[in-house]
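Visitor: Turn this into a model:
(one chain, ligands or ions: 1)
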Amino acid sequence: MNRAEAAKRVEDLKAEIRFHNRQYYVFDDPVISDGEYDTLFRELCALEELHPGLRVADSPTQKVGAEPLTAFGTVRHRLPMLSLNNVATAEEFHDWVGQVASFLNAPASGLRFTAEPKMDGTAVEIVYLRGVLAEASTRGDGSLGEDVTENVKTIRSVPLRLSSGSGVWPERLEARGEVFIGRREFESLNETRSRAGEELYANPRNTAAGSLKQLDPRLTASRPLDIFFYGVAESPPEWKLGSHWELLQTLPTFGLKTMRELSARGTSGQILEYQASMLERRETLAFEIDGIVVKVDDHVLQDRLGVRARSPRWAVAYKFPPRQGTTRLEKIGVQVGRTGALTPVAHLEPVNIGGVVIQRATLHNQDEVERKDIREGDTVLVERAGDVIPRVVKVILDKRPSGTHPFRLPKECPECGHTVRFDPDEVVTRCVNMSCPAQRRARLEHFVSRRAMDIEGFGPKLIERLLVKGRLESVADIFTLDRDTLMSLELMAEKSSANVLEAIERSKVTPLHRFIHALGIRHVGEATAEILANQFGSLAKLAEATQDDLEEIDEIGPKVAESLVEFFSDDENRKALFDLEKAGVRPLASKPVPVSSSLEGKSFLFTGKLTELSRDEAKALVKRSGGRVVSSVSKSLDFLVVGDKPGTKVKKAEDLGVALMTEQEFLTEVRGV
Ligand code: IVH
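Guide: From the prediction side, this is the model:
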């Protein structure tokens, strides 16, 4: 066979194999035997071996065995990968439906939803350029993910090239889905490991996530990973799709399999029936699911509903009830957190609940322990819900042995011996010693953790050793560590030291919202950190903000504002921030680009009843166009939008010379027509 003939044959084989891959993996309907498939596949391998020039990136043979990756690069998602708000009961689900209806200013009975299983795996985004797989990434923090292209290419049900579908390929398609391992595949993987005397994997979800992040794609290829697609970052306009339901039908025509057979479309009442039937079918499915995801079906409504800081308003995860188990509580320990809070922790006899071995559960605080009367030696009911720390539900009193005693938190900090104080506002007991070593340790652990500065390899053991050596007085000291210091520590070899130093270096440039979260300011979690980062755009501006500036932000209440002002006026904190800056830590403004910037910098306030829009939608429209919504009339207010039966705000605004606007004028302004 000459080269031209070989080239022709290679093309034919690739097309044929792609066809069979799709039949097998997407439609679950193979039309040839495995043996016949292997013969085709081997012929293609042999030809590509003979003529390496014919082996191109989109060949089915390239699905396995690329060279090991040295480290993962990062990928910025063009549009953020959001998370979902949860509901747990029919009542909470109804509340959500009610919120959607009221935001849209429309009756709830007219809304239609699509619901699909909530896969328990790990999220990926796969970018196809003109139909060819170009890039795949993990969700990461939602904005920045890890580049796992080579690994994703090894997943058999991920097409390297889209089939032509109902039309031509979009110029760029950002498909999103969940990578997972099926139940049976997981079991046989563990059987193999057991035979080889290797440690068993805990559950399919962690194994799927871990497999996707192997540095050697050959390892990933050896794991039975699979995928379901549940959406796209943006529906290509030429597909002319009007709903999520249509999207679920369309993606498979391009070779991207969805859970369309397991999905349902209907009214909120019908979705409740679907939820009950999925809960019943749960254990019979070939893969694990932890609930259902309900999405407002209509794309136009989805668009109007838009997103909050981290999750869309148009979708919700309706989680199944948590899994429970009973075990013996051996001891109640006390942990000191980064704010000094003393938390009672249950040390349990290890128990396997839904595939995860549980040994610790939080008991929250003294009140909770008393209310549930939890004692050392008790047999307790423990539950696990998703990622949440396991908790003790109740004591099985019948099994209480004799001679147990009620539990009391100690009067002194178990770590530093300082006296503790009870804070009735928050029902917590705190060690008030600012230099308590346990608090410092917890602050450091939080600072480097994955969802904060994400310094890989900087774990609790390393922190402990550095603390003992007096090398970690504050978080800023992390950035002055050098090779010699690290190498002088027990268990730190050349390579691990180098890795840690590299991770520290990488973390210096970090998104502002992560940095704010890392600071561990009381009442400032991830979502609040993101709001603050978006609002202020730099740490300097945030640090200057007054209580009033902060409270003007919709989502920020007086308690959070106070805590922020207190944090930034504390001398020790100011010094730490100064040192961090000196050490080269540069938090990057992470202001999301508003969809349009027509209202950039303008402030708005609403008064009276709007007719076309709900208050919430009106506020969301302002934000989306780059403007701000404030809560009171002042000289600096740009526009007061006046609806029906306005209050005293109008007079005040007129007195101060603030511009007034009708709802219609406002709509013209934001829609630009
Ligand atoms: S939709 C903006 N659909 O759940 C909507 N997510 O808690 C984004 N997930 O990160 C997600 N099954 O990894 C959607 N049918 C499904 C899903 C699903 C599993 C995961 C996904 C997401 C997480 C959010």
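Visitor: rest of the way, CA atoms for contacts and neighbours
Guide: Noted.
Visitor: And for Glu275, the neighbour number?
Guide: One thing to correct before we go on: residue 275 is Gln, not Glu. Counted with other CA atoms under 10 Å, the neighbours of Gln275 add up to 24.
Visitor: Look at it and report its pLDDT.
Guide: At Gln275, the pLDDT value in this model is 97.
Visitor: ok, for it, nearest residue in space, not its chain neighbours?
Guide: Closest residue in space to Gln275, ignoring its immediate chain neighbours: Ile292 at 6.8 Å, by CA to CA, 6 or more residues apart in numbering.
Visitor: Just give the number of residues close to that neighbour.
Guide: With neighbours defined by other CA under 10 Å, the count for Ile292 comes to 22.
Visitor: Surely it forms part of a helix?
Guide: No - counting by DSSP: H, G, I helix; E, B strand; the rest coil, Ile292 is not part of a helix but strand.
Visitor: Name all residues that make contact with it.
Guide: For Ile292, the contact set (CA atoms under 8 Å, 6 or more residues apart in numbering) comprises 115-118, 275, 278, 317-320.
Visitor: One more pass at 7 Å, please.
Guide: Contact analysis of Ile292 by CA atoms under 7 Å, 6 or more residues apart in numbering lists 115-118, 275, 317-319.
Visitor: Show me which helix runs longest in the protein.
Guide: Secondary structure assigned by DSSP state H gives helix 3-21 as the longest helix of the chain.
Visitor: tell me the mean pLDDT for that one?
Guide: 87.
Visitor: Beyond the one helix or strand in the chain whose mean pLDDT sits lowest, next helix or strand please.
Guide: Sorting the helices and strands of the chain by mean pLDDT, DSSP states H and E puts helix 34-50 at the bottom, at a mean of 82. Counting by DSSP states H and E, the element after helix 34-50 in chain order, helix or strand, is strand 74-76.
Visitor: Wasn't Leu489 part of a helix?
Guide: No - Leu489 is assigned coil when assessed by three-state DSSP, not a helix.
Visitor: re the thing from before, compare the contacts of Ile292 and tell me which has the most neighbours.
Guide: Ala115 (30 neighbours).
Visitor: For it, give me its contacts.
Guide: Contacts for Ala115 (CA under 7 Å, 6+ apart) come out as 263-265, 271, 292-295.
Visitor: Look up how far the ligand lies from it.
Guide: Ala115 sits 8 Å away from the ligand, taking CA to the nearest ligand atom, to the nearest Å as the criterion.
Visitor: excluding its backbone neighbours, what's nearest that residue?
Guide: Nearest residue to Ala115 in three dimensions, chain neighbours excluded: Val294, at 4.3 Å (CA to CA, 6+ apart).
Visitor: Just read off the phi/psi values of the residue in the stretch 101-250 of the chain that the ligand sits nearest to.
Guide: The ligand sits closest to Lys118 of the stretch 101-250 of the chain, with a gap of 3.5 Å, by CA to the nearest ligand atom. Main-chain torsions, Lys118, degrees, to the nearest 10: phi -90, psi 110.
Visitor: correct me, but it touches Glu288?
Guide: No - judged on CA atoms under 7 Å, Lys118 makes no contact with Glu288 at a distance of 8.8 Å.
Visitor: circling back to that earlier point, can you name every helix or strand that the least confident helix or strand of the chain contacts?
Guide: On a contact count with 3 or more CA pairs under 7 Å, 6 or more residues apart in numbering; DSSP states H and E, helix 34-50 meets helix 3-21.
Visitor: Only the buried residues of the helix it packs on, if you could.
Guide: For helix 3-21, a neighbour-count test (16 or more other CA atoms under 10 Å) marks 6-7, 9-10, 13-14, 17-18, 20-21 as buried.
Visitor: likewise stretch 49-57?
Guide: Buried residues in stretch 49-57, counted by 16+ other CA under 10 Å: 54-55.
Visitor: CA-only coordinates of that stretch in PDB, if you can.
Guide: Listed next in PDB are the C-alpha coordinates belonging to stretch 49-57 (Å, rounded to 0.1, in the frame of the first residue of the first chain):
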ATOM      1  CA  GLU A  49       2.600   3.300  13.100                       C
ATOM      2  CA  LEU A  50       3.800   2.900   9.500                       C
ATOM      3  CA  HIS A  51       3.000   6.400   8.500                       C
ATOM      4  CA  PRO A  52       3.400   8.600  11.500                       C
ATOM      5  CA  GLY A  53       2.400  11.700   9.500                       C
ATOM      6  CA  LEU A  54      -1.100  10.300   9.200                       C
ATOM      7  CA  ARG A  55      -1.500  10.200  12.900                       C
ATOM      8  CA  VAL A  56      -3.400  13.400  13.900                       C
ATOM      9  CA  ALA A  57      -4.700  14.700  17.100                       C
END
